[in-house]
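Engineer: sharing a model prediction with you, sequence too.
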Amino acid sequence: MCRTKAGQNRWTLGTHGRNAGGVNSRNAAACGRGFSDEGGRERVNMNRGYFEIGIYNGKTPSNLGTLWRSAHQLGAAGIFVIGQRYSPQSCDTTKAYRNIPLRQFTTFEEFETARPHDSMLIGIEMGGRDLSGYGHPERAIYLLGAEDHGLPTKILDKCNSVVSLQSVNMQSYNVAVAGSIVMYHRRYG
């Protein structure tokens with residue numbers, strides 16, 4: 001699930017060079033492996049750690065407000081946008097930007113330099129590891145792509161892992177819904 005630094009061993013999943021399974025001893029602590037639940041899934045210890053969630057080049061402003069409201073409700077430590085300035089939305093009735101930090105980045109490179117130390121970047125994108133069996137890292141930064149284009153390959157390659165959401169009919173979810181499901185899963189399993 002966690003990718004090691006450049007030049008070290010890493011496992012692959014799909015075509016993006018992410019870890020398909022366990023972690024090695026060097027990065028196990030960084031991945032924040034928690035405990036197993038009744039189904040045998042590894043779960044994060046909710047007494048430690050943090051998470052943030054953001055959108056890369058979001059397309060629809062109302063989705064940003066909805067995602068931020070969910071982030072506030074589900075305990076995010078911060079929210080962010082990359083490539084687009086955020087403006088308050090009527091759908092953000094909790095005014096999440098007043099309750100948790102909102103960071104705004106012009107480019108992905110700017111975001112990378114400001115990323116919290118020892119945090120895992122988790123891409124939310126079709127073709128990743130199924131969320132239902134995913135053990136969330138202790139310190140996670142979740143990144144969603146635009147509604148129409150998702151996350152570019154160059155960004156997926158920088159992610160420590162990529163997760164996707166199962167569905168019955170269509171594989172694609174609204175970005176605010178996808179982010180909310182991931183945060184709910186992290187919090188409540």
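Structural biologist: Thanks, I have the structure now.
Engineer: show me what the longest strand along the chain is packed up against.
Structural biologist: If you go by DSSP state E, the chain has its longest strand at strand 120-130. The helices and strands touching strand 120-130, judged by 3 or more CB pairs under 8 Å, 6 or more residues apart in numbering; DSSP states H and E, are strand 139-144, helix 153-156, strand 161-164, helix 175-188. From N, CA and C alone the C-beta is placed, and that goes for glycine too.
Engineer: adjacent strands (with direction) for it?
Structural biologist: strand 139-144 (parallel), strand 161-164 (parallel) (DSSP bridges).
Engineer: helix 175-188 and that one, what's the angle between them?
Structural biologist: Put simply, strand 120-130 runs at 100 degrees to helix 175-188, going by axes from the mean of the first three to the mean of the last three CA atoms, to 10 degrees.
Engineer: that older thread, tabulate the strands paired with strand 120-130 (JSON lines), appending distance to residue 70.
Structural biologist: As requested, those are exported to JSON lines (distance: least, CB to CB, whole Å):
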{"stretch": "strand 139-144", "distance to residue 70": "11"}
{"stretch": "strand 161-164", "distance to residue 70": "17"}
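Engineer: make a markdown table from the ones you listed and add mean pLDDT, distance to residue 101 and mean neighbour count to it.
Structural biologist: Converted to a markdown table, the strands paired with strand 120-130 look like this (pLDDT from 0 to 100; distance: least, CB to CB, whole Å; neighbours: other CB atoms under 10 Å):
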| stretch | mean pLDDT | distance to residue 101 | mean neighbour count |
| --- | --- | --- | --- |
| strand 139-144 | 97 | 13 | 24 |
| strand 161-164 | 96 | 24 | 23 |
